[in-house]
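# Quick check, what structure comes out for this input:
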Amino acid sequence: MSTDEGRIHKRVGWAPLRHFTERSVLGLLAVIAVGLGFGLLLLLVRLHWGPLLSFDRGVADGLNGLVAPHPPLVTVLQALTDLGGRPVLIWLVSVAAVLLLIRRRTRLAVYVIVTGIGALLLDPSLKTLVGRVRPVVEVPVAGAPGNSFPSGHALGSFVAYGALLLVFLPAVAPRWRKAVIALVATIILLIGITRIALGVHFVSDVLAGWLLGAAWLGMTAYAFRLWRREVGRPVRPWEEGLEPEAAHDVSPAPDEQRLMPHPWAGAAELLVGWVLTFGVLYVMGWAVTNHTEGTWIHSADVGFDRWLQTFRTPSLDDVSYLWSKAGDTHMILLVSLVFCPLVLALWRRWRPVLFVVLAMFGELSLFLITAAAVGRPRPPVEQLDGHMPTSSFPSGHIAATMCLYISIAVLVVPRIRAWWRWIFVALAVIMPTGVALSRMYRGMHHPTDVLGAGVLTACWITVLWFVLRPNADLAEGNRADSGELTERDAHRDLAEPGVSAGPHPTEPADPHTAEAAGPLNTEAADPHTVPAGSTEAVR
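The predicted model follows:
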């Protein structure tokens, strides 16, 4: 034993080892307890135990009688239950994994991926093995495929939200951690209750899902703690998260002091800009709807659509359908849900994300209100998409495509020096052009509707640019390829024990990473067990 190690051992004795052993034994007992609870429920369900079946059916029938007569309540329950559905959970886990990989937290990314995949495999496997039929209620208000036991929503939400909580808890201020834990627990609880209230699961299905999720999450978290110990990292209390020293990297925007310097003034400016943009669109739409009949503008509007009709073929119909879909709500939302997390992971700022989000929400509100106020009829040609609920001016598909891809280009081009940044400029031209031609080809819009979409985009993006200043952080050198975001981590290999990149020059030293500085990389370097004044604790 070295002199330093002897000094540390004399101060702290066996306390770190005792604490680690106690925490480990309690964790194992908890995992075993929930595992046994799940096993007992599984056995009772397989044996068709009468009291359990009677209880399950009674609760299912009672809740169905309360919920079925109230359609608004069913809508709320459906919205809540979707938070535990596979699309939402897969998106959350994928976003978290990509963010962690971009920020070089490989160990945490592997944990999130393995934990999520395990839950995906456990659910269908056990449902197939048990083969329990879903509840049959008097007035069905929702449906679900497959078998009933255990609840996939309960299992998936417990594992996914629990794993994300353990990973990102270090980024939460200590005074808020209990509130965040309570919020996550509430979400998991509500998802399980909605599955019972909607009549797609019995109570025992949901309980089994929670117990199985707790067991799997506990096993993976315990394995992660052992992994940390093997690479020389100290084991911290659960309430500090899986990797407390990663607090800076798991924080969404650690380098952003304030989202906006003057938020109330900015909100007022955005409101004024929105109203002015709506005014311009309304005047333009009212004019082309009511005062162009018999003019060259009306003739050009109708003539261009009829000219495009002459090119219709089954193949071009299919191509135009795909281009049109590129501008619908689902595709725009999908691209936004991919781009915004990448922006946050790379540039560690909320403001660029806010720029994209406000661009899309502003476009949607301006389109819907303007279309309702103007009420322009669709072109007098065959409309391949059938009757639409909104009027013709302005085109929502084209405006959404313009706002999205122009916003992306505005953010990306100044931040990337490589030649491929111009790909985003090309997309900002090609995507709206393709969507515009497809919408007119399919008889859904006039050329002046496309012009209205362009005016909407130009006005609203200009307002957002001057109010939000989305690229203000470029003055700090925050570019995607400048190395600013990962330079301090470039020499760090998280798979090696005792290697740490050290604090960023602009950050205070993290006492939780002191154990990686040399031979004191042991449990004894835990600042919770070594007196604050000890020089050995921070060497």
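# pLDDT below threshold where in the stretch 351-500 of the chain?
476-500 (pLDDT under 70).
# does the spatially most central residue of the chain sit in a helix, a strand or a coil?
In the chain, the centroid-proximal residue (CA atoms, centre = their mean) is L92; its distance is 4.5 Å. Per DSSP: H, G, I helix; E, B strand; the rest coil, the local secondary structure of L92 is helix.
# Now do the residue nearest to it when sequence neighbours are not counted, the pLDDT please.
Among residues not flanking L92 along the chain, A160 sits closest, at 6.0 Å (CB to CB, 6 or more residues apart in numbering). For every residue, glycine as well, the C-beta is placed using N, CA and C. A160 is assigned a pLDDT of 93 by the prediction.
# cool, the one 5 residues further on as well?
The pLDDT attached to L165 in the predicted structure is 92.
# What separation is there between it and V114?
According to CB to CB, to the nearest Å, L165 and V114 sit 16 Å apart.
# Those two: which is more packed in?
L165 (20 against 14; other CB atoms under 10 Å).
# so where does L212 fall, helix or strand?
Per DSSP states H and E, L212 falls inside helix 203-230.
# distance between the strand or helix carrying A179 and the chain's centre?
Per DSSP H and E, A179 falls inside helix 177-197. Distance of helix 177-197 from its chain centroid, counting by CA atoms, centre = their mean, to the nearest Å, is 17 Å.
# that older thread, contact partners for the residue nearest to the centre of the chain?
Contacts for L92 (CB atoms under 8 Å, 6 or more residues apart in numbering) come out as 160-161, 164.
# now swap in F367 and tell me
390, 394, 396, 399-400, 456.
# Check L337 too.
By CB under 8 Å, 6+ apart, the neighbours of L337 are W91.
# could you redo the last one with a cut-off of 10 Å?
91, 94-95 (CB atoms under 10 Å, 6 or more residues apart in numbering).
# same deal with I398?
324, 327, 367, 431-440, 445, 449-454, 456-457.
# Likewise for G118?
Contacts of G118 by CB under 10 Å, 6+ apart are 159, 163, 216-217, 219-220.
# What distance do you get for it to I187?
20 Å.
# Go through stretch 108-116 and flag the buried ones.
Along stretch 108-116, these residues count as buried under the neighbour rule (16 or more other CB atoms under 10 Å): 108-113, 115-116.
# which residues of the stretch 101-250 of the chain score low on pLDDT?
Checking the stretch 101-250 of the chain against pLDDT under 70 turns up 235, 237.
# and the next element down the chain from the helix or strand harbouring S320?
Here S320 sits within helix 314-325, counting by DSSP H and E. Sequence order places helix 329-347 as the next helix or strand after helix 314-325, per DSSP H and E.
# Report the angle between that next one and helix 314-325.
In terms of direction (axes from the mean of the first three to the mean of the last three CA atoms, to 10 degrees), helix 329-347 departs from helix 314-325 by 50 degrees.
# starting at the chain centroid, how far to helix 329-347?
9 Å.
# Show me this protein divided up by domain.
16-250, 263-476 (automatic domain parsing).
# Ok, which of those comes nearest Q257?
domain 263-476 (10.4 Å; CB to CB).
# from the contacts of I398, which ones fall inside helices?
324, 367, 431-440, 449-454, 456-457 (DSSP state H).
# Just the buried ones from those?
324, 367, 431-432, 434-440, 449-454, 456-457.
# neighbouring contacts of the helix holding S320?
Residues contacting helix 314-325 (CB under 10 Å, 6+ apart): 308, 311-313, 331, 384-385, 397-398, 401, 431, 433-442, 444.
# same thing but 6 Å
434-435, 438-439, 441-442 (CB atoms under 6 Å, 6 or more residues apart in numbering).
# Equivalent analysis for stretch 289-299, please.
So stretch 289-299 is contacted by 374, 376 (CB under 6 Å, 6+ apart).
# first to last residue in it, what's the distance?
The straight-line separation of the ends of stretch 289-299 (CA to CA, to the nearest Å) is 13 Å.
# cool, stretch 257-268 as well?
Stretch 257-268: ends 21 Å apart by CA to CA.
# begin at 12 from here
All right, first residue 12 from here; so that's stretch 268-279.
# If you count neighbours, what's buried in that stretch?
M271.
# residues contacting A90?
A90 neighbours (CB under 6 Å, 6+ apart): none.
# three-state assignment of the residue of the chain most remote from its centre?
Largest separation from the mean C-alpha position in the chain: G305, at 50.9 Å (CA atoms, centre = their mean). Put simply, G305 is coil when judged by three-state DSSP.
# any idea how far V392 is from it?
Taking CB to CB, one finds G305 at 19 Å from V392.
# can you check H212 too?
50 Å.
# Which one of the two is surrounded by more residues?
H212 (30 against 15).
# Identify the residues contacting the closest residue in space to that one that isn't next to it in sequence.
Distances taken as CB to CB, 6+ apart place R206 nearest to H212, at 4.2 Å, with adjacent residues excluded. With contact taken as CB under 6 Å, 6+ apart, R206 is in contact with 162, 164, 212, 217.
# In a markdown table: those residues, plus distance to D67.
Output for the contacts of R206, formatted as a markdown table (distance: CB to CB, whole Å):
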| residue | distance to D67 |
| --- | --- |
| S162 | 12 |
| H164 | 17 |
| H212 | 9 |
| V217 | 10 |
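# which among the residues you listed gets closest to V150?
Nearest to V150 among the contacts of R206, with distances taken as CB to CB, is H212, at 16.5 Å.
# And for Y172, nearest residue in space, chain neighbours not counted?
The nearest residue in space to Y172 (CB to CB, 6+ apart) is V195, at 5.1 Å.
# from memory that neighbour sits against L177, does it?
No: counting by CB atoms under 6 Å, V195 does not reach L177; the two are 10.0 Å apart.
# Could you check which of those two is surrounded by more residues?
Applying other CB under 10 Å to V195 and L177 shows that L177 carries more neighbours, namely 22 against 17.
# What strand or helix carries that one?
Going by DSSP H and E, L177 is in helix 163-179.
# Dump that helix to PDB, restricted to CA.
Output of helix 163-179 as PDB, limited to C-alpha atoms (Å, rounded to 0.1, in the frame of the first residue of the first chain):
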ATOM      1  CA  GLY A 163     -46.200  -3.300 -22.500                       C
ATOM      2  CA  HIS A 164     -47.000   0.300 -21.800                       C
ATOM      3  CA  ALA A 165     -46.500  -0.100 -18.000                       C
ATOM      4  CA  LEU A 166     -43.200  -2.100 -18.600                       C
ATOM      5  CA  GLY A 167     -41.900   0.200 -21.300                       C
ATOM      6  CA  SER A 168     -42.700   3.400 -19.500                       C
ATOM      7  CA  PHE A 169     -41.100   2.200 -16.200                       C
ATOM      8  CA  VAL A 170     -37.900   1.100 -17.900                       C
ATOM      9  CA  ALA A 171     -37.600   4.000 -20.400                       C
ATOM     10  CA  TYR A 172     -38.500   6.900 -18.100                       C
ATOM     11  CA  GLY A 173     -36.600   5.300 -15.200                       C
ATOM     12  CA  ALA A 174     -33.400   4.800 -17.200                       C
ATOM     13  CA  LEU A 175     -33.600   8.400 -18.600                       C
ATOM     14  CA  LEU A 176     -34.100   9.700 -15.000                       C
ATOM     15  CA  LEU A 177     -31.000   7.800 -13.700                       C
ATOM     16  CA  VAL A 178     -28.900   9.100 -16.700                       C
ATOM     17  CA  PHE A 179     -30.000  12.700 -16.600                       C
END
